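S.K.: coords please:
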Amino acid sequence: MNGPALQDRPSASASWRIALPHTVAAVPVARALVRTALAELQHAADSDTAELLTAELVANAVEHTAGEGPIELVVELLPSGCQVEVHDPDPAPPGDVTRPTRGEPDPWQEHGRGLLLIRTLSSSCGHRPTDSGKAVWFRLPVVPAQRRPL
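M.R.: Residues are numbered from 1 along each chain as shown. Model prediction:
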């Protein structure tokens with residue numbers, strides 16, 4: 001069979017909205033929440049990739065936005081895959097989430113690869129304004145059952 005069968009897809013949608021502290025402690029908490037959400041519903045999106053990209057979005061929100069107010073993690077599980085959003089209070093768009101940078105990241109620098117990972121590993125990504133700042137998001141498709149790790 002070419003592609004996932006309909007019975008391999010979750011039949012209903014589910015979503016979570018969770019406030020996280022505006023500190024680096026939010027990163028492992030967000031990863032754990034995404035992992036648990038995908039596992040509990042036996043969702044067919046790639047959990048490892050979802051965790052990695054979520055960590056990048058949360059780390060960027062913590063590092064690049066001012067203030068002490070919480071950031072918000074929104075996880076939506078859909079029959080077609082999953083979408084993860086991170087809301088922060090800064091209305092400025094993120095760096096290069098939807099377009100490649102002018103050059104390659106410096107291999108000697110610790111930073112500068114997060115948005116590249118998000119663009120490369122997600123099926124789509126972007127940002128949108130919100131009433132209190134912005135939301136940066138990515139989507140991952142359902143992974144066919146024959147390609148899922150055991």
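S.K.: could you pull out the helices for this protein?
M.R.: 26-40, 47-64, 114-121 (DSSP state H).
S.K.: most packed of the ones you listed?
M.R.: helix 47-64 (a mean of 20; mean count of other Cβ atoms under 10 Å). Backbone N, C-alpha and C define where each C-beta goes, glycine included.
S.K.: and it, what other elements does it pack with?
M.R.: Contacts defined by 3 or more Cβ pairs under 8 Å, 6 or more residues apart in numbering; DSSP states H and E place helix 47-64 against helix 26-40, strand 71-78, strand 81-88, helix 114-121, strand 133-141.
S.K.: check those for me: which has the lowest mean pLDDT.
M.R.: Ranked by mean pLDDT, those end with helix 114-121 at the bottom, a mean of 86.
S.K.: and that one with strand 81-88, angle?
M.R.: 160 degrees (axes from the mean of the first three to the mean of the last three Cα atoms, to 10 degrees).
S.K.: what is the burial count for residue 126?
M.R.: Residues lying near residue 126 (other Cβ atoms under 10 Å) number 17.
S.K.: ok, it to residue 93 distance?
M.R.: Taking Cβ to Cβ, to the nearest Å as the criterion, residue 126 is separated from residue 93 by 10 Å.
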